[in-house]
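[1] A structural model of the following input is requested.
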Amino acid sequence: MLNNQITIVYGENPREMVETLLAQLKPETALRPGATIGLKPNLVLDKPAASGATTHPEIVEGVIRYFQAKGYSDLIIMESSWVGAQTEAAFQVCGYRDLAKQYGVKLLDLKKDRTIKKKVEGEEIAVCTAPLEVDFLINLPVLKAHCQTLLTCALKNLKGCIPDHEKRRFHRLGLHRPIAQLAAVLPVDLTIVDAICGDLTFEEGGNPVPMGQLLAGTDPVLLDSYAASLLGLAAAEVPYLDLAVNLGVGSTCLASAVVVEVNPEAKKAGRFRLTGRAKTLARYAEERDACSACYGSLIHALHRMAEDGELAGLKDGNKKIKIGQGFRGEQGGGIGIGTCTRGLNNTLTGCPPTAREIRTFLQQVLAD
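    Alright, predicted model coming up:
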C-alpha cells in the first residue's frame, strides 16, 4: 500500500466492510508468522458506538476474524478511557468484553500498563509500553468533531496510549503540540477510521451523523487531513497536523493523495436517524434517498456554517438544499448537492463532495 493512499469502503455492515478493506490492503504481507498485533479502538467512555462516541465493535471483530483466518492468534485490544472514566466499564458497555471472550483475544486496560519515557524535541512523554511492544499496531479511531481541537481522529486517538497524568499534562499544554509529539514517538502501522456515524459536535457522543464508510491508510496525518475535509475543515485549522508534518509523521497534502474507493457501487441510500444538533441542521435540506456519505458531508458543512453565523440566507424556504438520488433527472432551479442533482441550475457535483467543498459552494451561493 502506498503511503499516500487513502482507501475507502462503503456499506452498512461494519464487520463485512472492514474485512473487504483488509482483503484489498493485505496487511499480513508485511508481518512475520506469529506476530503480535495490537488493536487500539476509541473507547473514550462507556457509550455504545451508535452514539457516535466509540469505535463499532463489529469493526474490531472483522479485524480479528481476518487476521485469525491468516493464522495470527496473538491479538490484543488495548485502550485507556479518558480521565475520570473506567476503561473496564467501556469494555463492557461497548461490547468488547463479549468480543474478546468470543474470539479468545486479550483485553488490556492501558491505565494499568507500565510506561516508558520517550524523548521528542527535547521533551519527555510518558507512553504505555504495550502499544510500543507489539509487532503491528492498528489504530481504530472514530471520525468525530472535538470542542477543543475541532477534529479527533487518527492522531488524537493515540492519547489512549498514555497514562492519565500525562493526559492531564497534554491539556495543560494546549493539546496540539503534545498530540503531534506523541505521534512522532508512537509509530502506527495501519489506521482504519470508523466513519460510520461519528459525533457532529463533541467526542463524547450524542449527535451522530451517518456517513457509512471506513477509511484506511498508513499516513495518519494524511488520513486526518482527509477526515478534516469531510467535517468541513482545512488541515490548517487543526494545528497539530502541521506540527506533526514538521516532526516527520506524515503529510497534509491532499492534492498528492491517491484515493481508492473499493466499492463505490455500495454508496446506497441510507436511513438516517439523526439526533440533537444534526436533526436541527437537517431542516435546511430536502433529502430524497441520499447516500450516507453525501448526506453526512452536508450536515457537517451546515454545522460549520452555523458556528460562524452563515446560515441566515437559508431560512427562506425557497432555498432549501436538495440532496439525494431522488433528484436524478430533475431540472430547473434550486440548490443541489451531489452528482445526483446535476440537473439543477445551481449544483455542486461530487460523489460525495466533502463538507469543505459544500461549505465553500454554499457560501458562494448565499453571497449571490
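[2] now for the strand or helix carrying Arg168, which elements pack on it?
    For Arg168, the enclosing helix or strand under DSSP states H and E is helix 164-172. Other elements packing on helix 164-172 under the criterion 3 or more CB pairs under 8 Å, 6 or more residues apart in numbering; DSSP states H and E are strand 123-128, helix 176-185. (Each C-beta comes from the backbone N, C-alpha and C, glycine too.)
[3] Show me the strands in the stretch 51-200 of the chain, by range?
    Taking DSSP state E, counting those that start in this stretch as the criterion, the stretch 51-200 of the chain carries its strands at 75-79, 106-109, 115-120, 123-128, 136-140, 144-146, 150-152, 190-195.
[4] if I read this right, Asp219 contacts Gly250, doesn't it?
    Yes: the criterion here is CB atoms under 8 Å, and Asp219 meets it with Gly250 at 4.1 Å.
[5] Identify the contacts common to the two.
    Residues touching both Asp219 and Gly250 (CB atoms under 8 Å, 6 or more residues apart in numbering) are Asn3.
[6] quick one: least confident helix or strand in the chain?
    The weakest-scoring helix or strand in the chain, judged by mean pLDDT, DSSP states H and E, is helix 276-281 (a mean of 78).
[7] For that one, which helices and strands make contact with it?
    helix 292-307.
[8] The helix it packs on: what's the following helix or strand?
    Counting by DSSP H and E, the next helix or strand C-terminal to helix 292-307 is strand 321-323.
[9] quick one: contacts of that next one?
    The contact list for strand 321-323 (CB under 8 Å, 6+ apart) reads 284-288, 290, 294-295, 298, 314, 330, 334-338, 340-341, 344, 362.
[10] that older thread, which among the strands of the stretch 51-200 of the chain is found nearest to Thr349?
    Comparing those by their distance to Thr349 (CB to CB), the top pick is strand 190-195, with 21.2 Å.
[11] Quick one: residues in contact with that closest one.
    With CB under 8 Å, 6+ apart, strand 190-195 has contacts from 14, 18, 21, 25, 27, 42, 49, 55-56, 59, 63, 136-143, 153-154, 211-218, 220, 223, 227, 230.
[12] Mind checking which of the residues you listed land in helices?
    Counted as lying in helices by DSSP state H, out of the contacts of strand 190-195, are 14, 18, 21, 25, 59, 63, 154, 220, 223, 227, 230.
[13] Those: which two are farthest apart?
    Val63 and Leu230 (21.9 Å).
[14] rewinding a little: pLDDT check: weakest of the ones in helices among the contacts of strand 190-195?
    Here the lowest pLDDT out of the ones in helices among the contacts of strand 190-195 sits on Leu230, with 92.
[15] Give me the neighbour count for the closest residue to Gly212 other than its chain neighbours.
    Of all residues not flanking Gly212 in the chain, Ser292 sits nearest, at 3.3 Å (CB to CB, 6 or more residues apart in numbering). Using other CB atoms under 10 Å, Ser292 has 25 neighbouring residues.
[16] distance of Ser292 from Lys267?
    Distance, Ser292 to Lys267, by CB to CB, to the nearest Å: 8 Å.
[17] try Lys112
    42 Å.
[18] neighbour-wise, which of the two wins?
    A count of neighbours by other CB under 10 Å puts Lys267 above the other of Lys112 and Lys267, at 22 against 12.
[19] for that one, what are its contacts?
    By CB under 8 Å, 6+ apart, the contact list for Lys267 reads 10, 212, 291-294, 351-352.
[20] let's go with 6 Å and repeat that
    Neighbour list for Lys267: 10, 291, 293 [criterion: CB atoms under 6 Å, 6 or more residues apart in numbering].
[21] again with Ala257
    4, 6, 222.
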